[in-house]
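# Fold the following for me, if possible:
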Amino acid sequence: MRKNFALFLLILVLPLTDSQILPQFTQLHSTKQIHAYVFQTVKQMWPYVCQFVEKLFKETIEPAIKETNAHLSTFGFIKIDLGDQPLRINGVKVYSENVDKRQIIMDLQISFVGNTEIDVDVKRYYCRAGIKSIQLHGVLRVILEPLLGSMPLVGALSVFFLKKPLLDINWTGLTNILDIPGLNGFSDHMIQDIISTYMVLPNRITVPLIDEVELAQLRFPMPKGVLRIHFLEAQNLEVKDTYLGGLIKGKSDPYGMLLVSNQLFRSKTIKECLHPKWNEVYEALVYEHSGQHLEIELFDEDPDKDDFLGSLIIDLSELHKEQKVDEWFDLEEVATGKLHLRLEWLSLYPSAEKLDQVCTYMTKHTLAKLFIISFLSSSFSGKKVSIDPNPFVKLTVGQKMYTSKVRYKTSEPLWEEAFPFLINNPHTQELEIEVWEHPKSMNIKQRLQQLQNGSGLSQYPLGEVQLTIRHSSQRNKLIVVVHACRNLIALTKDGLDPFIRLYLLPDKSRSGRRKTSTLKKTLNPIYDQSFEFSVSIVELHRRTLDVAVKNGGGLLSKHKVLLGKAVVDLASEDVSKGWTRWYHLTEDGSKKIIQT
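I've put the predicted structure just below:
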């Protein structure tokens, strides 16, 4: 099947490379004969494509959905039929500039509207659902490399989307799954995100066609560079805030959303201003500059629904040529408004002509990339365990942390995951690698004993809590929004009744105590409750936020226990800007593991 799929793409490309394809997408020169040829080729290959997609769903997407929530641990696809209507290729672009001679790079503008028959179930809760139709529209990049002088002519095939495609799924019976306790915050959009992001850059599907190909380098290539974005200021933005039915015009509370591939950044909000100055800097990894864009949208922040202020799209291939841009850009889709950006392209492959320049460059802009491929296979050697562990890995550099996937019931795990870190100074920063065992290997009884007697809790993650923390200098208030918890440990078969308690230490008085409502029978509660503490910014740097997740219950309930804590040191953060993060819960909150 792999060779057939590669030959199909070669057959599709060869007649196109001889003709002068326009820089933009074309309808294959609008020639009916060529269009019919391509459609017939895809139609003939469609059964093989369906086999490939079925394998992708079963081996990649199904485990990913299982890991999102403990209640979905028995989730599975029981039938996958994409129907007999093949996808359509509406345009093709083959790149000839800045391309290695041993590779072919092409973009396919694809559309798929199919009557599918996909059935899923969650065996634990006897719930079933189905998908009766799927629509998919996007730009699919195909890379054939390395080119060979012998059959099959290509060493491997890589396929991925340059950005998240438009994916619309028509579910049947999804409410049955969403009614499962603990899934009140889950949605079909989350499942769509899981499906789409597994093929969105930097993720890719790579199929080797020969044994000699270096698969790791093809699956996890080094980025082409780093895009440094200086998000500076804007002028003449549109007034969105009005009063008395529009009779009195106010201003706007603008902020920006910046997207490069699947990397999303949000700026701070500037209150009541039509000429905001953000002066913020972001850095995004760029794996493919051709066909990639920096997308920016400005919004006016409102309590109910944020208003659109304008957008901007910048071609990264043009920026790669210029290397540096410092301009005012006209916002699109609005009558007025300009945005000031300074953009820099930082290559990860500097010239070695001057060693001192290279050393200076590496000190400032080094990118460390670590491949985790079965190096933990001996991590559990020498330990006698009655059951195989469920290992995963935490990798931390400074405040940046990644968590690998969980490999269930194995003492020889194979991850095959890559994690990029931008390093400011390789001489002083360290990469911390921790091997953890997922709590699913313990029964409920063992977890309950550990929670009650406090033994060994620091060895296990106890779930996570999501907080937004910001200080308002105008009001002299610390604002804490408790959003949600996830992956809490169940004490009984009925789950938990969790609530969250807050202290701004050292104040542990009753008046200084803040508490959320208690949610029933869930391991993934969603609160979205806001709390305030009266404190100045100067005093705040001497304070610490103590967050405790507890189980509710009656006065005499034996399960009314501490589930985990997180302690946030406010002295080391720029709390005036604010942030939203997931914090890992531990026994006493002393180990500050932060997930951005």
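# Would you mind measuring from the spatially closest residue to Ser261 that is not a sequence neighbour to His289?
Closest residue to Ser261 apart from its sequence neighbours, by Cβ to Cβ, 6 or more residues apart in numbering: Leu201 at 4.7 Å. Placement of C-beta: from N, CA and C, glycine included. For Leu201, the distance to His289 equals 11 Å [Cβ to Cβ, to the nearest Å].
# any chance you could map the helices in the stretch 101-250 of the chain?
Using DSSP state H, counting those that start in this stretch, the helices found in the stretch 101-250 of the chain span residues 174-178, 188-197, 215-219.
# would you say Val500 is within a strand?
Small correction: residue 500 is Ile, not Val. Yes: assessed by DSSP: H, G, I helix; E, B strand; the rest coil, Ile500 belongs to a strand.
# shouldn't it be in contact with Asn551?
No: the pair Ile500 and Asn551 does not pass the contact test of Cβ atoms under 8 Å, sitting 11.1 Å apart.
# Settle it for me: which of the two has more neighbours?
Using other Cβ atoms under 10 Å, the more surrounded residue of Ile500 and Asn551 is Ile500, with 26 against 22.
# quick one: low-confidence ranges for the stretch 301-450 of the chain?
For the stretch 301-450 of the chain, applying pLDDT under 70 flags the ranges 335, 349-387, 438-443, 445-450.
# all strands for it, in order.
Secondary structure of the stretch 301-450 of the chain (DSSP state E, counting those that start in this stretch): strands at 307-315, 324-330, 338-347, 366-372, 391-397, 400-403, 417-423, 432-437.
# Make JSON lines out of those strands and add distance to Leu140.
As requested, the strands of the stretch 301-450 of the chain are arranged in JSON lines below (distance: least, Cβ to Cβ, whole Å):
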{"stretch": "strand 307-315", "distance to Leu140": "19"}
{"stretch": "strand 324-330", "distance to Leu140": "29"}
{"stretch": "strand 338-347", "distance to Leu140": "25"}
{"stretch": "strand 366-372", "distance to Leu140": "25"}
{"stretch": "strand 391-397", "distance to Leu140": "30"}
{"stretch": "strand 400-403", "distance to Leu140": "27"}
{"stretch": "strand 417-423", "distance to Leu140": "21"}
{"stretch": "strand 432-437", "distance to Leu140": "35"}
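# neighbours around Lys338, how many?
So Lys338, with other Cβ under 10 Å, has 17 neighbours.
# same question but for Thr74, I mixed them up
Thr74: 13 neighbours (other Cβ under 10 Å).
# next one: Met151
Met151, neighbours per other Cβ under 10 Å, totals 10.
# rank the helices of the stretch 101-250 of the chain by pLDDT, which is bottom?
Looking at the helices of the stretch 101-250 of the chain, the lowest mean pLDDT belongs to helix 188-197 (a mean of 68).
# returning to what we had before: thought the residue nearest to Ser261 was touching Ser290?
No: using Cβ under 8 Å, Leu201 is not in contact with Ser290, being 11.8 Å away.
# Between the two, point out the one with more neighbours.
Taking neighbours as other Cβ under 10 Å, Leu201 and Ser290 compare with Leu201 leading, 22 against 18.
# residues touching the more buried one, list them.
141, 160-163, 261-262, 287-288, 292 (Cβ atoms under 8 Å, 6 or more residues apart in numbering).
# Tell me which two of these sit farthest apart.
Pairwise distances across these peak at 14.0 Å for Arg141 and Asn262 (criterion: Cβ to Cβ).
# So for these two, which sits in the more crowded spot?
Neighbours were counted for Arg141 and for Asn262 using other Cβ under 10 Å; Arg141 has more, 21 against 16.
# Kindly state the beta-bridge partners for the more buried one.
Assessed by DSSP bridges, Arg141 has beta-bridge partners Asp107, Phe160.
# For it, list the residues it contacts.
105-108, 159-162, 201, 288, 291.
# where's it relative to Ser290, distance?
9 Å.
# tell me, what's touching those two both at once?
The contact lists of Arg141 and Ser290 share Ile105, where a contact means Cβ under 8 Å, 6+ apart.
# what's the one helix or strand Val568 maps to in contact with?
Val568 is part of strand 562-569 when elements are defined by DSSP states H and E. Taking contacts as Cβ under 8 Å, 6+ apart, the residues outside strand 562-569 that touch it are 451, 462-463, 465, 467, 469, 488-489, 496, 498, 544-551, 583-590, 592.
# Only whichever of those residues are buried, select them in PyMOL.
In PyMOL, a selection of the buried entries from the contacts of strand 562-569 looks like this (16 or more other Cβ atoms under 10 Å):
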select buried, resi 451+462+463+465+467+469+488+489+496+498+545+546+547+548+549+550+551+583+584+585+586+587+589
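# Which of the contacts of strand 562-569 fall within strands?
Among the contacts of strand 562-569, the residues falling in strands (DSSP state E) are 465, 467, 469, 498, 544-551, 583-584.
# Looking at these, which is nearest Glu344?
Closest to Glu344, out of all of those and judged by Cβ to Cβ, is Ile469, at 30.3 Å.
# you'd agree that closest one is up against Trp579?
Yes: between Ile469 and Trp579 there is a contact under Cβ under 8 Å: 6.3 Å.
# Alright, calling it a day.
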